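>>> Next comes the sequence, and after it the predicted model I'd like to discuss.
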Amino acid sequence: MTDTTCCNPSTCEPNPMNDTAPDNQTMPDVQGFSDARNVAIDKVGVKDVIYPMKLATREGSSQSTVASINMYVALPKEKKGTHMSRFLEVLNSHECQAFSPADIPKITKKIKEKLNAQEAHFEASFTYFIEKPAPVTGQPGLMNYEGTFACTANGKAEDFIIKVAAPATSLCPCSKEISAYGAHNQRCRIEAAVRFNGVMWIEDLVEHLEAAASHPVYAVLKRPDEKFVTEKAFENPKFVEDIIRDLAIRLNQDDRVVQYDISSENFESIHAHNAYAQLSRDKRLN
(Lines give C-alpha, C1' and ligand atoms only; values in the text may rest on other atoms or scores of the structure.)
Protein backbone atom coordinates (compact mmCIF):
# COMPACT_ATOMS: atom_id res chain seq x y z
CA MET A 1 0.00 0.00 0.00
CA THR A 2 1.42 3.39 -1.00
CA ASP A 3 1.50 6.25 1.49
CA THR A 4 1.73 9.73 -0.02
CA THR A 5 3.43 11.16 3.06
CA CYS A 6 7.13 10.54 3.71
CA CYS A 7 8.81 10.32 7.10
CA ASN A 8 12.08 11.73 5.65
CA PRO A 9 11.52 14.00 2.65
CA SER A 10 15.26 14.48 2.09
CA THR A 11 15.65 10.81 1.12
CA CYS A 12 12.72 10.76 -1.33
CA GLU A 13 13.42 10.71 -5.04
CA PRO A 14 11.42 12.94 -7.41
CA ASN A 15 8.24 11.56 -8.93
CA PRO A 16 9.28 10.60 -12.48
CA MET A 17 5.79 11.31 -13.76
CA ASN A 18 5.34 14.71 -12.13
CA ASP A 19 8.08 16.44 -10.14
CA THR A 20 5.65 19.07 -8.90
CA ALA A 21 2.84 16.74 -7.74
CA PRO A 22 1.38 18.03 -4.45
CA ASP A 23 1.49 15.88 -1.33
CA ASN A 24 -0.78 15.61 1.70
CA GLN A 25 1.12 18.35 3.51
CA THR A 26 0.44 20.99 0.82
CA MET A 27 -3.07 20.00 -0.30
CA PRO A 28 -6.00 21.40 1.73
CA ASP A 29 -7.83 18.86 3.90
CA VAL A 30 -11.41 19.90 3.13
CA GLN A 31 -12.93 17.03 5.13
CA GLY A 32 -11.14 18.36 8.20
CA PHE A 33 -12.75 21.77 7.96
CA SER A 34 -15.25 22.82 10.61
CA ASP A 35 -19.00 22.93 9.98
CA ALA A 36 -21.35 25.56 11.41
CA ARG A 37 -24.68 23.76 10.83
CA ASN A 38 -24.54 22.07 14.23
CA VAL A 39 -25.83 18.69 12.94
CA ALA A 40 -24.13 15.43 13.95
CA ILE A 41 -24.34 12.39 11.63
CA ASP A 42 -24.95 8.90 13.03
CA LYS A 43 -23.22 6.97 10.23
CA VAL A 44 -21.05 8.13 7.35
CA GLY A 45 -18.64 6.03 5.34
CA VAL A 46 -18.45 3.57 2.44
CA LYS A 47 -20.88 0.89 1.24
CA ASP A 48 -20.68 -2.24 -0.88
CA VAL A 49 -16.92 -2.72 -0.86
CA ILE A 50 -16.32 -6.13 -2.43
CA TYR A 51 -13.59 -8.02 -0.59
CA PRO A 52 -12.43 -11.64 -0.03
CA MET A 53 -13.24 -13.37 3.24
CA LYS A 54 -12.00 -16.65 4.69
CA LEU A 55 -14.31 -18.49 7.08
CA ALA A 56 -13.63 -21.41 9.40
CA THR A 57 -16.26 -24.15 9.37
CA ARG A 58 -17.61 -26.02 12.35
CA GLU A 59 -16.04 -29.23 11.02
CA GLY A 60 -12.55 -27.76 11.19
CA SER A 61 -11.93 -26.83 7.56
CA SER A 62 -12.26 -23.41 5.93
CA GLN A 63 -13.93 -21.85 2.92
CA SER A 64 -13.32 -18.71 0.93
CA THR A 65 -16.11 -16.37 -0.04
CA VAL A 66 -16.63 -12.79 -1.17
CA ALA A 67 -18.14 -10.20 1.17
CA SER A 68 -19.96 -6.94 0.52
CA ILE A 69 -18.67 -4.62 3.22
CA ASN A 70 -20.05 -1.43 4.76
CA MET A 71 -17.89 0.72 7.05
CA TYR A 72 -19.09 3.82 8.90
CA VAL A 73 -18.19 6.21 11.69
CA ALA A 74 -20.21 8.69 13.71
CA LEU A 75 -19.40 12.27 12.66
CA PRO A 76 -19.57 15.01 15.29
CA LYS A 77 -21.52 18.17 14.57
CA GLU A 78 -18.45 20.41 14.29
CA LYS A 79 -16.69 18.34 11.56
CA LYS A 80 -17.43 18.85 7.87
CA GLY A 81 -16.65 15.34 6.68
CA THR A 82 -14.84 12.06 7.19
CA HIS A 83 -11.82 10.70 5.31
CA MET A 84 -13.32 7.99 3.07
CA SER A 85 -9.96 6.62 1.90
CA ARG A 86 -8.98 5.70 5.44
CA PHE A 87 -11.68 3.02 5.61
CA LEU A 88 -10.05 1.24 2.68
CA GLU A 89 -6.59 1.77 4.15
CA VAL A 90 -7.63 -0.11 7.27
CA LEU A 91 -9.28 -2.91 5.30
CA ASN A 92 -6.30 -3.33 2.97
CA SER A 93 -3.76 -3.36 5.81
CA HIS A 94 -4.26 -7.14 6.16
CA GLU A 95 -1.34 -8.89 4.48
CA CYS A 96 -3.29 -11.96 3.37
CA GLN A 97 -5.84 -9.82 1.51
CA ALA A 98 -8.61 -11.71 3.29
CA PHE A 99 -9.97 -11.64 6.81
CA SER A 100 -11.82 -13.92 9.17
CA PRO A 101 -14.65 -13.19 11.63
CA ALA A 102 -12.09 -12.99 14.44
CA ASP A 103 -10.53 -10.01 12.68
CA ILE A 104 -13.74 -7.98 12.54
CA PRO A 105 -13.72 -6.50 16.09
CA LYS A 106 -10.05 -5.55 15.59
CA ILE A 107 -10.79 -3.96 12.20
CA THR A 108 -13.74 -2.04 13.64
CA LYS A 109 -11.65 -0.75 16.53
CA LYS A 110 -8.90 0.26 14.11
CA ILE A 111 -11.40 2.18 11.96
CA LYS A 112 -12.50 4.09 15.04
CA GLU A 113 -8.90 4.95 15.88
CA LYS A 114 -7.78 5.73 12.32
CA LEU A 115 -10.65 8.16 11.77
CA ASN A 116 -10.54 9.56 15.32
CA ALA A 117 -14.23 8.77 15.79
CA GLN A 118 -16.34 8.17 18.87
CA GLU A 119 -18.02 5.17 17.24
CA ALA A 120 -17.31 2.90 14.25
CA HIS A 121 -19.43 0.30 12.46
CA PHE A 122 -18.46 -2.64 10.25
CA GLU A 123 -20.83 -4.93 8.31
CA ALA A 124 -19.87 -7.83 6.03
CA SER A 125 -22.54 -9.72 4.07
CA PHE A 126 -21.61 -12.90 2.25
CA THR A 127 -22.73 -16.28 0.93
CA TYR A 128 -21.91 -19.33 3.04
CA PHE A 129 -22.04 -22.89 1.73
CA ILE A 130 -22.83 -26.05 3.69
CA GLU A 131 -22.62 -29.53 2.19
CA LYS A 132 -25.96 -31.16 2.79
CA PRO A 133 -26.75 -34.71 1.63
CA ALA A 134 -30.26 -35.59 0.48
CA PRO A 135 -32.30 -37.17 3.30
CA VAL A 136 -32.84 -40.64 1.74
CA THR A 137 -30.38 -41.22 -1.10
CA GLY A 138 -27.57 -39.22 0.46
CA GLN A 139 -26.91 -37.41 -2.81
CA PRO A 140 -24.39 -34.61 -2.06
CA GLY A 141 -25.31 -30.99 -2.62
CA LEU A 142 -24.14 -27.54 -1.58
CA MET A 143 -26.72 -25.33 0.11
CA ASN A 144 -26.08 -21.59 0.10
CA TYR A 145 -27.06 -19.37 3.03
CA GLU A 146 -27.01 -15.60 3.54
CA GLY A 147 -24.68 -14.47 6.30
CA THR A 148 -23.80 -11.12 7.86
CA PHE A 149 -21.28 -10.16 10.52
CA ALA A 150 -21.88 -6.76 12.14
CA CYS A 151 -19.69 -5.03 14.70
CA THR A 152 -19.78 -1.69 16.53
CA ALA A 153 -16.83 -0.21 18.45
CA ASN A 154 -17.45 2.72 20.78
CA GLY A 155 -14.37 2.72 22.98
CA LYS A 156 -15.97 0.62 25.70
CA ALA A 157 -16.46 -2.72 23.94
CA GLU A 158 -16.94 -4.28 20.52
CA ASP A 159 -20.56 -5.36 19.98
CA PHE A 160 -20.66 -8.34 17.58
CA ILE A 161 -23.73 -9.80 15.83
CA ILE A 162 -24.14 -12.80 13.52
CA LYS A 163 -27.10 -12.80 11.14
CA VAL A 164 -28.05 -15.84 9.05
CA ALA A 165 -30.96 -16.38 6.66
CA ALA A 166 -32.01 -19.83 5.46
CA PRO A 167 -34.64 -21.07 2.99
CA ALA A 168 -37.04 -23.75 4.19
CA THR A 169 -40.46 -25.29 3.49
CA SER A 170 -43.70 -24.30 5.20
CA LEU A 171 -47.03 -26.09 4.82
CA CYS A 172 -50.29 -24.35 5.72
CA PRO A 173 -52.18 -25.97 8.67
CA CYS A 174 -55.46 -24.37 7.59
CA SER A 175 -55.17 -25.68 4.04
CA LYS A 176 -54.44 -29.16 5.33
CA GLU A 177 -57.41 -29.03 7.72
CA ILE A 178 -60.07 -27.81 5.28
CA SER A 179 -59.02 -29.49 2.02
CA ALA A 180 -60.34 -32.87 0.92
CA TYR A 181 -56.81 -33.74 -0.18
CA GLY A 182 -53.46 -32.01 -0.24
CA ALA A 183 -52.36 -28.71 1.29
CA HIS A 184 -50.62 -25.69 -0.17
CA ASN A 185 -46.97 -25.26 0.73
CA GLN A 186 -44.29 -22.77 -0.14
CA ARG A 187 -40.69 -21.84 0.42
CA CYS A 188 -40.00 -19.48 3.29
CA ARG A 189 -37.02 -17.36 4.32
CA ILE A 190 -36.18 -17.52 8.02
CA GLU A 191 -33.65 -15.11 9.52
CA ALA A 192 -31.99 -14.71 12.90
CA ALA A 193 -29.61 -11.99 14.12
CA VAL A 194 -28.05 -12.92 17.47
CA ARG A 195 -25.72 -11.61 20.11
CA PHE A 196 -24.04 -14.44 21.97
CA ASN A 197 -21.43 -15.56 24.46
CA GLY A 198 -18.75 -18.11 23.66
CA VAL A 199 -18.63 -19.62 20.16
CA MET A 200 -21.57 -19.59 17.75
CA TRP A 201 -21.10 -21.23 14.35
CA ILE A 202 -23.10 -20.37 11.26
CA GLU A 203 -23.99 -24.07 11.12
CA ASP A 204 -25.49 -23.80 14.61
CA LEU A 205 -27.83 -21.01 13.55
CA VAL A 206 -28.76 -22.80 10.33
CA GLU A 207 -29.83 -25.83 12.37
CA HIS A 208 -32.03 -23.62 14.58
CA LEU A 209 -33.62 -21.96 11.54
CA GLU A 210 -34.33 -25.14 9.60
CA ALA A 211 -35.72 -26.97 12.65
CA ALA A 212 -38.35 -24.26 13.10
CA ALA A 213 -39.85 -24.81 9.61
CA SER A 214 -42.14 -27.56 8.34
CA HIS A 215 -39.03 -29.11 6.78
CA PRO A 216 -35.62 -28.07 5.44
CA VAL A 217 -34.93 -27.74 1.72
CA TYR A 218 -32.06 -29.36 -0.20
CA ALA A 219 -29.89 -28.66 -3.22
CA VAL A 220 -30.35 -32.15 -4.74
CA LEU A 221 -33.42 -34.37 -4.40
CA LYS A 222 -34.03 -37.68 -6.17
CA ARG A 223 -37.55 -39.15 -6.22
CA PRO A 224 -37.21 -41.02 -2.89
CA ASP A 225 -35.92 -37.79 -1.31
CA GLU A 226 -38.74 -35.73 -2.80
CA LYS A 227 -41.32 -38.18 -1.45
CA PHE A 228 -39.70 -38.03 1.99
CA VAL A 229 -39.53 -34.22 2.14
CA THR A 230 -43.10 -33.78 0.86
CA GLU A 231 -44.57 -36.22 3.38
CA LYS A 232 -42.53 -34.89 6.31
CA ALA A 233 -43.67 -31.34 5.58
CA PHE A 234 -47.29 -32.56 5.33
CA GLU A 235 -46.92 -34.15 8.78
CA ASN A 236 -45.54 -30.89 10.22
CA PRO A 237 -47.78 -28.00 9.06
CA LYS A 238 -46.84 -24.53 10.33
CA PHE A 239 -48.15 -21.00 9.98
CA VAL A 240 -45.57 -18.24 9.84
CA GLU A 241 -46.50 -17.58 13.48
CA ASP A 242 -45.63 -21.18 14.37
CA ILE A 243 -42.23 -20.90 12.71
CA ILE A 244 -41.26 -17.76 14.57
CA ARG A 245 -42.49 -19.06 17.94
CA ASP A 246 -40.68 -22.39 17.55
CA LEU A 247 -37.50 -20.57 16.57
CA ALA A 248 -37.82 -18.32 19.63
CA ILE A 249 -38.15 -21.37 21.88
CA ARG A 250 -35.00 -22.92 20.41
CA LEU A 251 -33.00 -19.71 20.89
CA ASN A 252 -34.35 -19.31 24.42
CA GLN A 253 -33.00 -22.78 25.20
CA ASP A 254 -29.56 -22.03 23.72
CA ASP A 255 -27.57 -20.60 26.62
CA ARG A 256 -25.03 -18.98 24.29
CA VAL A 257 -27.65 -16.63 22.84
CA VAL A 258 -28.20 -13.47 24.88
CA GLN A 259 -30.28 -11.39 22.45
CA TYR A 260 -32.02 -12.12 19.14
CA ASP A 261 -34.07 -10.55 16.37
CA ILE A 262 -35.84 -13.16 14.24
CA SER A 263 -38.25 -13.14 11.30
CA SER A 264 -39.88 -15.44 8.78
CA GLU A 265 -41.35 -14.58 5.40
CA ASN A 266 -43.51 -17.16 3.62
CA PHE A 267 -43.67 -16.74 -0.16
CA GLU A 268 -47.30 -17.77 -0.51
CA SER A 269 -48.17 -20.16 -3.36
CA ILE A 270 -51.92 -19.37 -3.54
CA HIS A 271 -51.86 -15.66 -2.65
CA ALA A 272 -50.47 -12.59 -4.37
CA HIS A 273 -48.88 -11.50 -1.09
CA ASN A 274 -46.46 -12.96 1.45
CA ALA A 275 -46.97 -13.81 5.12
CA TYR A 276 -44.52 -12.35 7.65
CA ALA A 277 -43.74 -12.56 11.37
CA GLN A 278 -40.99 -10.98 13.48
CA LEU A 279 -40.00 -10.75 17.12
CA SER A 280 -37.07 -9.56 19.22
CA ARG A 281 -35.98 -10.56 22.70
CA ASP A 282 -33.15 -9.60 25.00
CA LYS A 283 -32.69 -12.53 27.38
CA ARG A 284 -30.52 -10.35 29.65
CA LEU A 285 -33.61 -8.35 30.66
CA ASN A 286 -35.48 -11.32 32.12
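Arrived safely, thanks for sending.

>>> in the chain, which spans are helices?
Using DSSP state H, the helices of the chain run over 84-91, 104-114, 173-178, 202-211, 223-234, 240-253.

>>> Looking at those helices, which is nearest to K163?
Closest approach to K163 among the helices of the chain (C-beta to C-beta): helix 202-211, 8.6 Å. Heads up, the C-betas are built off the backbone N, CA and C, glycines and all.

>>> Buried residues of the closest one, list them for me.
Of the residues in helix 202-211, 202, 204-210 count as buried by neighbour count, 16 or more other C-beta atoms under 10 Å.

>>> next one: stretch 48-67
Under 16+ other C-beta under 10 Å, the buried positions of stretch 48-67 are 49, 51, 53, 55, 65, 67.

>>> For the third one, which non-adjacent residue is spatially closest?
Same thing as M53. A67 (4.3 Å; C-beta to C-beta, 6 or more residues apart in numbering).

>>> any idea how far the closest residue to F99 other than its chain neighbours is from A212?
Closest residue to F99 apart from its sequence neighbours, by C-beta to C-beta, 6+ apart: M53 at 6.2 Å. According to C-beta to C-beta, to the nearest Å, M53 stands 27 Å off from A212.

>>> is the residue nearest to M53 in a bridge, and if so with what?
Y51, F126 (DSSP bridges).

>>> and it, what is it in contact with?
50-53, 124-126 (C-beta atoms under 8 Å, 6 or more residues apart in numbering).

>>> Which single one of the residues you listed is nearest to V73?
Nearest to V73 among the contacts of A67, with distances taken as C-beta to C-beta, is A124, at 16.4 Å.

>>> so how many other residues sit close to the closest one?
Neighbourhood size, A124 [other C-beta atoms under 10 Å]: 22.

>>> And for the one 10 residues further on?
One way to gauge burial is a neighbour count; for A134, by other C-beta under 10 Å, it gives 19.

>>> The nearest residue to it once chain neighbours are set aside - how many residues pack around it?
Of all residues not flanking A134 in the chain, D225 sits nearest, at 4.1 Å (C-beta to C-beta, 6+ apart). Other residues lying near D225 total 19 when counted by other C-beta under 10 Å.

>>> what's near enough to touch D225?
With C-beta under 8 Å, 6+ apart, D225 has these contacts: 134-137, 139, 218.

>>> which one of the residues you listed sits closest to V240?
For the contacts of D225, the nearest to V240 is Y218 (21.5 Å; C-beta to C-beta).

>>> Does that closest one touch L142 like I think?
No: Y218 is not in contact with L142 according to C-beta atoms under 8 Å; the separation is 10.3 Å.

>>> In terms of packing, which of the two has more residues around it?
Y218 (17 against 10).

>>> Show the backbone phi and psi for that one.
phi -140, psi 160 (degrees, to the nearest 10).

>>> got the contact list for it?
Per C-beta under 8 Å, 6+ apart, neighbours of Y218: 132, 134-135, 141, 143, 225, 229.

>>> at 10 Å instead, please
132-135, 139, 141, 143, 169, 225-226, 229 (C-beta atoms under 10 Å, 6 or more residues apart in numbering).

>>> now, among these, which is nearest to E241?
Nearest to E241 among the contacts of Y218, with distances taken as C-beta to C-beta, is T169, at 16.3 Å.

>>> Check whether the closest one really touches A212, as I assumed.
No: using C-beta atoms under 10 Å, T169 is not in contact with A212; the gap is 11.4 Å.

>>> okay, and the common contacts of the two?
Joint contacts of T169 and A212 (C-beta under 10 Å, 6+ apart) are 188, 238.

>>> for this structure, what spans make up the strands?
In the chain, the segments counted as strands under DSSP state E are 41-56, 62-75, 120-131, 142-153, 158-171, 185-196, 215-216, 257-266, 275-282.

>>> I'd like the average pLDDT over the first one.
Strand 41-56 shows a mean pLDDT of 94 in the predicted model.
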